[in-house]
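**Q** Predicted structure and sequence below. I'll ask about it afterward.
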Amino acid sequence: MLLTYEAMAEAAKFATVWVPFCRKHGIEPRGPESYFELKSHPYMGRSQEDFVNDRRRVRRDYDEFKARINGLENDIRQRSDAYNAARGLKDGEPRATWMADGTQWEGTWVEPSENHRKGDHAGIVLVLLNHPSHSRQLGPPASADNPLDLSMVDVRLPMLVYVSREKRPGHNHQKKAGAMNALTRCSAVLSNSPFILNLDCDHYINNSQALRAGICFMLGRDSDTVAFVQFPQRFEGVDPTDLYANHNRIFFDGTLRALDGMQGPIYVGTGCLFRRITLYGFDPPRINVGGPCFPSLGGMFAKTKYEKPGLELTTKAAVAKGKHGFLPMPKKSYGKSDAFADTIPMASHPSPFAAAAAVVAEEATIAEAVAVCAAAYEKKTGWGSDIGWVYGTVTEDVVTGYRMHIKGWRSRYCSIYPHAFIGTAPINLTERLFQVLRWSTGSLEIFFSRNNPLFGSTFLHPLQRVAYINITTYPFTAIFLIFYTTVPALSFVTGHFIVQRPTTMFYVYLAIVLGTLLILAVLEVKWAGVTVFEWFRNGQFWMTASCSAYLAAVCQVLVKVVFRRDISFKLTSKQPAGDEKKDPYADLYVVRWTWLMVTPIIIILVNIIGSAVAFAKVLDGEWTHWLKVAGGVFFNFWVLFHLYPFAKGILGRHGKTPVVVLVWWAFTFVITAVLYINIPHIHGPGGKHGGAIGKHGAAHHGKKFDGYYLWP
Ligand SMILES: O=c1ccn([C@@H]2O[C@H](COP(=O)(O)OP(=O)(O)O[C@H]3O[C@H](CO)[C@@H](O)[C@H](O)[C@H]3O)[C@@H](O)[C@H]2O)c(=O)[nH]1
Ligand SMILES: [Mn+2]
């Protein structure tokens, strides 16, 4: 979109002031919006006058910059109208969108028309900021049109390029994975940096040292086997009590960190630093996937399989094979561009900086960059299967990292404070459920693909394989969970119990399961630094997601596997443009109905009704051993406790009042109990008076007292 391009152009212009200002005064965070919103006193410990003046000046520039951005949409429209009017367009002729320099925009037009609409437009590569020089470049001293004294500050800016890949109807553009692959080729031609940082569009850099921290894991001793460095995802804009566990603390601070002790964390799609050549399908120079916990276990495979592979162009073997001969895949799997293939040996040089000749973005280079973004570029190549981000699943991240791990590459986890990157998360229940539906569907898609971790190569650390099996099968927990959360409550209504009289084995089994859970909980809270409250939130949302989204994912993927139907998805909606000043969490209380909500609602009802019936049966004298019933009722309440955030969510604005959910639940409970007691035919003939009449009733009676246990 032209709007994106012009916004980037404005940002590039503002950066010439902002970046030197940040370097001069050590500003943190580097996002101007977050920086100017800081509550803490910004003057502390800084040489007063110079800083205050600079800050005031930059603040003004920033406000003007924001105003210009907000006006862009209008500017573009007016400018285009003027150009179109000057051209004397007739009715029905397409109304072009015009760039500021008086040329027609090659991408999507404000009024879409042929070749200029979403999914049907040319590829565009526009260089906003060119390569910086290799050496330091000091700025000018203060002057009339440049009030900041930058004579002691390096004013270089990194290269900045706008890329929009070609889109044509009838081509599968492979969503994000396809976008990343096009960008990878494009950047290879333009700059070919040996490392690639990947961030989602809803993320920003919050700690200017993040890149340096990540690179340490790539350049350190013995680090040449590290394929990528994954940072935990952190979010802002999440409601303070994190109703739907958007922060995902257990996953980021427990699971990912634990994986660091084996072969390394999985790739989660954003906040990840890649070694470029791993994306091209290269093998690691050595296999040393042991990690600190189980070195011998991981290292038992072919430790010396690769003695210094021919990664360097300069080795005799590589020279003998020729420039392209040493690629891990036949040259044609990389596509038609020779210019792109030529960049690969450079990127794989062990000391890339020594080898990198300064690339200059001139016309021929840019034409090549456009060519590698063509819609048909990947036809009959290895892109999306053996090279680059992997296609065929909506969670391209997990499978892309997996394919590196099975080659024997390692990955590292890098958590720093202040958080490296910050993104946004969907706080609306429906959005959140759909997000989890997408993740769980994607995971299952991997399980039912050629990338099933059961069959991955033996270079995969054994425990890492277990982790990958977990990551690709977890949605199946839905089936068991639905059973656990409904059958015990239903047993109260029907009077049939699965476990009639608990055996010793039953108790032993129960103790083992509970003990394991407890150990896990202690580990997670003590060692991952997750608070008990966050731990409960994670449990609560796990149950909500499992009985709704996971279940739907299982059904969806089974349909895909059996009927070969493709699954389509929409993006997680970004923060709504509502009145954020009034209530930043307004979206939390918006109720948007979806089928995903049906199962949790049924489970809530079943559990309330189950406990109410049990209660009524005791009151009624039908069951006399009420203490035994209490165990089962407690279990029902335990289920309800987990679904509390969900219940709050579906009540919308009413859910804002804390007790409202409980009032509803109590109401349902009482109504059910009263109905049960007063409508005799519900509980069978003669039930009210001890049920001595029918054979049927009596037969039940004896058993009921023993068996409220339902935990198989
Ligand atoms: O056609 C597409 C779709 C998505 N994206 C990018 O993908 C990102 C992730 O999409 P989002 O809607 O924000 O989904 P989330 O659920 O927040 O994403 C998480 O889960 C995804 C896997 O399902 C990963 O790809 C993401 O990196 C990870 O943050 C977006 O920011 C875009 O940058 C594209 O470039 N093209
Ligand atoms: Mn996102």
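**A** In hand now; what should we look at? Residues are numbered from 1 along each chain as shown. Ligands and ions are numbered 1, 2, ... in the order given.
**Q** How about the residues of the chain by ligand 2?
**A** By CB under 5 Å from the ion, the residues of the chain that approach ligand 2 are Asp200, Asp202. C-beta coordinates here come from the backbone N, C-alpha and C atoms, glycine included.
**Q** From the contact counts, what lies against the helix or strand encompassing Ala630?
**A** Using DSSP states H and E, Ala630 sits in helix 626-642. On a contact count with 3 or more CB pairs under 8 Å, 6 or more residues apart in numbering; DSSP states H and E, helix 626-642 meets helix 477-494, helix 532-545, helix 598-619.
**Q** What residues of the very next helix or strand once past that helix count as buried?
**A** Note on helix 626-642: by DSSP H and E, the next helix or strand toward the C-terminus is helix 644-650. For helix 644-650, the neighbour count (16 or more other CB atoms under 10 Å) marks Tyr644, Pro645, Phe646, Ala647, Lys648, Gly649, Ile650 as buried.
**Q** Thr477: what's it in contact with?
**A** Counting by CB atoms under 8 Å, 6 or more residues apart in numbering, Thr477 touches Ser546, Tyr550.
**Q** Can you check the pLDDT for the residue in the chain positioned nearest to ligand 2?
**A** Residue nearest to ligand 2 within the chain: Asp202 (4.5 Å; CB to the ion). As predicted, Asp202 sits at a pLDDT of 92.
**Q** what's the closest non-adjacent residue to it?
**A** In space, and not counting its chain neighbours, Asp202 is closest to Thr424: 4.5 Å by CB to CB, 6 or more residues apart in numbering.
**Q** And for that neighbour, the neighbour number?
**A** Residues near Thr424, counting by other CB atoms under 10 Å, number 19.
**Q** thinking again about what came up before, closest to ligand 1 among the buried residues of helix 644-650?
**A** Ligand 1 lies nearest to Gly649 out of the buried residues of helix 644-650, by CB to the nearest ligand atom, at 18.2 Å.
**Q** In space, what's closest to the closest one - neighbours in sequence excluded?
**A** Excluding the flanking residues, the one nearest Gly649 by CB to CB, 6+ apart is Leu429, at 3.7 Å.
**Q** contacting residues for the one you found?
**A** Here Leu429 is in contact with Tyr244, Leu588, Val591, Arg592, Met597, Phe646, Gly649, Ile650 (CB under 8 Å, 6+ apart).
**Q** Out of those, the closest to Val618 would be?
**A** Distance to Val618 across those (CB to CB) is lowest for Phe646, with 28.5 Å.
**Q** quick one, phi psi at the residue nearest to Asp202?
**A** Main-chain torsions, Thr424, degrees, to the nearest 10: phi -110, psi 160.
**Q** Repeat that for Trp98.
**A** Main-chain torsions, Trp98, degrees, to the nearest 10: phi -110, psi 140.
**Q** Next, the contact list for the nearest residue to it once chain neighbours are set aside, please.
**A** Excluding the flanking residues, the one nearest Trp98 by CB to CB, 6+ apart is Tyr83, at 4.3 Å. The contact partners of Tyr83, by CB under 8 Å, 6+ apart, come to Ala96, Trp98, Gly102.
**Q** Helix, strand, or coil at Tyr83?
**A** helix (DSSP: H, G, I helix; E, B strand; the rest coil).
**Q** which stretches of the chain have low pLDDT?
**A** 40-47, 289-323, 325, 349-361, 568-571, 574-581, 680-712 (pLDDT under 70).
**Q** Not counting sequence-adjacent ones, nearest residue to the closest residue to ligand 1 within it?
**A** Distance from ligand 1 to each residue of the chain (CB to the nearest ligand atom) is smallest for Gly269, at 2.3 Å. Nearest residue to Gly269, sequence neighbours excluded (CB to CB, 6+ apart): Asp397, at 3.5 Å.
**Q** Can you give me the distance of that neighbour to Cys272?
**A** Asp397 sits at a distance of 8 Å from Cys272 (criterion: CB to CB, to the nearest Å).
**Q** Need the winner for burial among the helices and strands packed on helix 626-642.
**A** Stretch with highest mean neighbour count among these: helix 598-619 (a mean of 21; mean count of other CB atoms under 10 Å).
**Q** now it, how far from the centre of its chain.
**A** Put simply, helix 598-619 sits 36 Å off its chain's centre (CA atoms, centre = their mean, to the nearest Å).
**Q** count of residues packed around the residue nearest to Thr97 when sequence neighbours are not counted?
**A** Spatially, and ignoring its direct neighbours in sequence, Thr97 is nearest to Trp109 (4.1 Å; CB to CB, 6+ apart). Residues lying near Trp109 (other CB under 10 Å) number 23.
**Q** for Trp109, what are its contacts?
**A** Neighbouring residues of Trp109 by CB under 8 Å, 6+ apart: Pro94, Arg95, Ala96, Thr97, His116, Arg117.
**Q** wait, doesn't the fifth one sit right on Pro94?
**A** When you say that, I think you mean His116. Yes - between His116 and Pro94 there is a contact under CB atoms under 8 Å: 7.4 Å.
**Q** Looking at these two, which has the bigger crowd around it?
**A** His116 (20 against 14).
**Q** Which residue lies closest in space to the more buried one, excluding its sequence neighbours?
**A** Sequence neighbours aside, Trp109 is the residue nearest to His116 in space, at 4.2 Å (criterion: CB to CB, 6+ apart).
**Q** State the distance from the one you found to Gly92.
**A** From Trp109 across to Gly92, the span is 15 Å (CB to CB).
**Q** coming back round to it: burial count for the residue of the chain closest to ligand 2?
**A** Using other CB under 10 Å, Asp202 is surrounded by 16 other residues.
**Q** What about the contacts of Tyr83, which one has the most neighbours?
**A** Most surrounded of those: other CB under 10 Å gives Trp98, at 22 neighbours.
**Q** Could you pull up the residues touching Pro265?
**A** Gln230, Leu256, Arg257, Leu259, Ser411, Arg412, Tyr413.
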